[in-house]
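Asker: Sharing a model that was predicted from the sequence below.
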Amino acid sequence: MKKKDEPHYKKVFPIEQQEEHKVSRRQFISFVGMGSLIAIALSWFKVNEKLFNSENKNGEFKAATTNEIPVGKSKNISHPETHKPIILIHLTQDNYVAYSQSCTHLMCPVHYNNTKQQLVCPCHEGYFDVKNGDVLKGPPPKPLPSYDVRIQGKNIYLG
């Protein structure tokens, strides 16, 4: 085709088809720079997520209600953010305790034995004191991590 016979759009937009897929140095640096800024911003928001969570400023969450767990019984729950297992135990009328349900030895799940007032790890016969989470017997190297328990009305909050 001669220049005269070219369609009108080729005269208005004189870009060769093979040239339209090339990226200039300026476009590449802009793309990488903006991508980096977006990645930094997203990671900052992820790290500081708790600053923006108005619902849970002090780290507490509702675990149960007081009529869900009779005296001498326990309830297994999952932490809403970390999804780690927790055991909530109703010891006496107004006394609740909560511990990580993962044994400090090899992370096996512990369970509550009401008759012995102990938390038992069946994997390697580890025993913990239900009142404070201390190791009573067995291979666990340290006490069970505990959670603060707060009762407000009929709701039980862990923090």
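Answerer: That came through, no problem.

Asker: Give me the three-state assignment for residue 36.
Answerer: Under DSSP: H, G, I helix; E, B strand; the rest coil, the three-state class of residue 36 is helix.

Asker: Neighbours of it, how many?
Answerer: If you count neighbours by other CB atoms under 10 Å, residue 36 ends up with 10. Yep, even glycine has a C-beta here, placed from its N, CA and C like the rest.

Asker: so who does it touch?
Answerer: For residue 36, the contact set (CB atoms under 8 Å, 6 or more residues apart in numbering) is empty.

Asker: Next one: residue 140 relative to residue 84, how far apart?
Answerer: 17 Å (CB to CB, to the nearest Å).

Asker: what about the two, which has more around it?
Answerer: Neighbour count, other CB under 10 Å: between residue 140 and residue 84, residue 140 has more, with 23 against 13.

Asker: Isn't the more buried one up against residue 108?
Answerer: No: judged on CB atoms under 8 Å, residue 140 makes no contact with residue 108 at a distance of 9.7 Å.

Asker: Just the pLDDT at residue 137, thanks.
Answerer: pLDDT for residue 137: 94.

Asker: Chain neighbours aside, what residue packs nearest to it?
Answerer: Nearest residue to residue 137 in three dimensions, chain neighbours excluded: residue 127, at 4.5 Å (CB to CB, 6 or more residues apart in numbering).

Asker: Understood, closing this out.
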